[in-house]
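> sequence first, then the predicted structure, then my questions.
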Amino acid sequence: MSMYPSHFAEPVIQKDSQAASRNELAHIPIKAATNDSSDSIFFGVLQNKLVKYITKKGNRSLANELLTETFEIIKRTQIERYNLSKSDREKIIIDAEKLLINAIENSRPLLQLSAIKRGGVKYQVPIPLTEKKSYFLAMKWLLDAAREKDRKVKLPEKLAWEILDAACGQGRVIKKKDDLHRQCESNRAYAHYRWS
Amino acid sequence: MRIPGALFAARGRAPQNEKEVPFQEILPLRLKNTVSGKADSGSDVACLQEMGVLFACLKDNEFVEKYCNKEINQFQKCYKFYMDRKFEAKKTVNQGVVQPGNNLNYKQLNKYMRRFPNPN
């Protein structure tokens, strides 16, 4: 629930796009920008979301540190790969943020299974996902995979590996997504049961 | 003399005596002044055909998504269109503007019927 009445407009945070909507928004009350949004070049929407998902017990600064460390590890490994490879150096992406976005896009599911009771039997019914939910699931799976580790391994290390794996279309997260798609495919006969 | 049973059967069963079995009005014998909005919510099944096409494509390509970009886009577009339309429909229902016509939703009907209720 928002504390603002419904006629309040969303704030435009990116400075470049403010000019375009200036005339429209001139006489409309605007919501205050949230304190975590920023116009900095280091700000990414997905990155910001991921920090929120990493956070435990409200310790956002620790989560931020963890993600920064993850990016550092990613960048180090990618630079190492870049220097080791003799041919096709252009193909190796070093930008950690771009790799994170690639990883999330690669692990986004298309469908979901939800249990629906019909005649005393629970059927697993494939239902389409909204964009928002699919992004959430992708990030959740990445984090779940990263949290399943030995006690001696740190979270940034494991998360970096998961992101690198998912970015090139391999690894546990991608497998999980494929498994979900396979299950949806095998339950496709129940697709018309969806009603709630 | 015995009367054959067939003669009784032809006359049928005698009606009950109304004094012995008085009529009970279990539910009120008039319509309510409201309708429920259940039928307007509709079924949530959408994009079944697109889903079928997508599944066929995925199965053919062993669940590699990059070969099914067209199908995936179509499926997602369909679902988004469906959700947008649902959202708009809900918005118009909640506005509850009553206009003349026979195609009214439940909120409009309820507004009408509140103005012209059944006499008690």
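On my side now, so go ahead.
> now the longest helix along chain A, how far from the centre of its chain.
Across chain A, the longest stretch assigned as helix under DSSP state H is helix A:60-84. Helix A:60-84 sits 17 Å away from the centroid of its parent chain (C-alpha atoms, centre = their mean, to the nearest Å).
> same check on stretch A:58-73?
15 Å.
> buried stuff in that stretch?
By 16 or more other C-beta atoms under 10 Å in any protein chain shown, the buried positions in stretch A:58-73 come out as A:63, A:66, A:67, A:69, A:70, A:71, A:73. All C-beta atoms are positioned from the backbone trio N, CA, C, and that covers glycine.
> ok, and what's touching that stretch?
A:47, A:50-52, A:54-56, A:96-97, A:100, A:154-157, A:159-160, A:163 (C-beta atoms under 8 Å, 6 or more residues apart in numbering or on different chains).
> got phi/psi on the residue nearest the centre of chain A?
Nearest to the geometric centre of chain A sits residue A:139, at 3.8 Å (C-alpha atoms, centre = their mean). Torsion angles at residue A:139 (phi, psi; degrees, to the nearest 10) stand at phi -70, psi -40.
> get me the contact residues on chain B for chain A.
B:43-48, B:51-52, B:54-55, B:58-59, B:63, B:65, B:72, B:75-76, B:79-80, B:83 (C-beta under 8 Å from any C-beta of the partner chain).
> if we can go back for a sec, could you check whichever helix or strand comes after the longest helix of chain A against chain B for contacts?
The helix or strand immediately downstream of helix A:60-84 is helix A:96-106, counting by DSSP states H and E. No: for helix A:96-106, no contact with chain B is found by C-beta under 8 Å from any C-beta; the gap never falls below 8.5 Å.
> rewinding a little: make CSV out of the buried residues of stretch A:58-73 and add pLDDT.
CSV is the format used below for these (pLDDT from 0 to 100):
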residue, pLDDT
A:63, 95
A:66, 95
A:67, 95
A:69, 95
A:70, 95
A:71, 95
A:73, 96
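> distance to residue A:30 added to those, as JSON lines?
Below are the buried residues of stretch A:58-73 laid out as JSON lines (distance: C-beta to C-beta, whole Å):
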{"residue": "A:63", "distance to residue A:30": "29"}
{"residue": "A:66", "distance to residue A:30": "33"}
{"residue": "A:67", "distance to residue A:30": "30"}
{"residue": "A:69", "distance to residue A:30": "36"}
{"residue": "A:70", "distance to residue A:30": "34"}
{"residue": "A:71", "distance to residue A:30": "33"}
{"residue": "A:73", "distance to residue A:30": "40"}
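> contact partners for the one residue in chain B that gets nearest to chain A?
Per C-beta to the nearest C-beta, residue B:79 is where chain B lies closest to chain A, at 4.3 Å. Residues near residue B:79 by C-beta under 8 Å, 6+ apart: A:128, A:130, B:46, B:47, B:50.
> give me the buried subset of those residues.
Applying 16+ other C-beta under 10 Å to those flags A:128, B:46, B:47, B:50 as buried.
> look up phi and psi at the residue of chain A most remote from its centre.
Outermost residue of chain A with respect to the C-alpha centroid, by C-alpha atoms, centre = their mean, is residue A:119; its distance is 37.2 Å. Main-chain torsions, residue A:119, degrees, to the nearest 10: phi 60, psi 40.
> list only buried entries from the residues of chain B next to chain A.
B:46, B:47, B:51, B:54, B:55, B:58, B:63, B:65, B:72, B:75, B:76, B:79.
> hang on, the third one packs against residue B:72?
No: here residue B:51 does not reach residue B:72: they are 11.0 Å apart, not a contact under C-beta atoms under 8 Å.
> residue A:113 sits in which helix or strand?
Going by DSSP H and E, residue A:113 is part of strand A:111-118.
> look at residue A:107 and report its pLDDT.
What the model reports as pLDDT for residue A:107 is 92.
> now intersect the buried ones among the contacts of residue B:79 with the helices, please.
residue B:50.
> any chance of the buried ones among the contacts of residue B:79 in JSON lines, plus pLDDT and distance to residue A:8?
Listed next are these as JSON lines, based on pLDDT from 0 to 100; distance: C-beta to C-beta, whole Å:
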{"residue": "A:128", "pLDDT": "89", "distance to residue A:8": "31"}
{"residue": "B:46", "pLDDT": "79", "distance to residue A:8": "31"}
{"residue": "B:47", "pLDDT": "84", "distance to residue A:8": "33"}
{"residue": "B:50", "pLDDT": "89", "distance to residue A:8": "36"}
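> having no further points to raise, I will conclude here.
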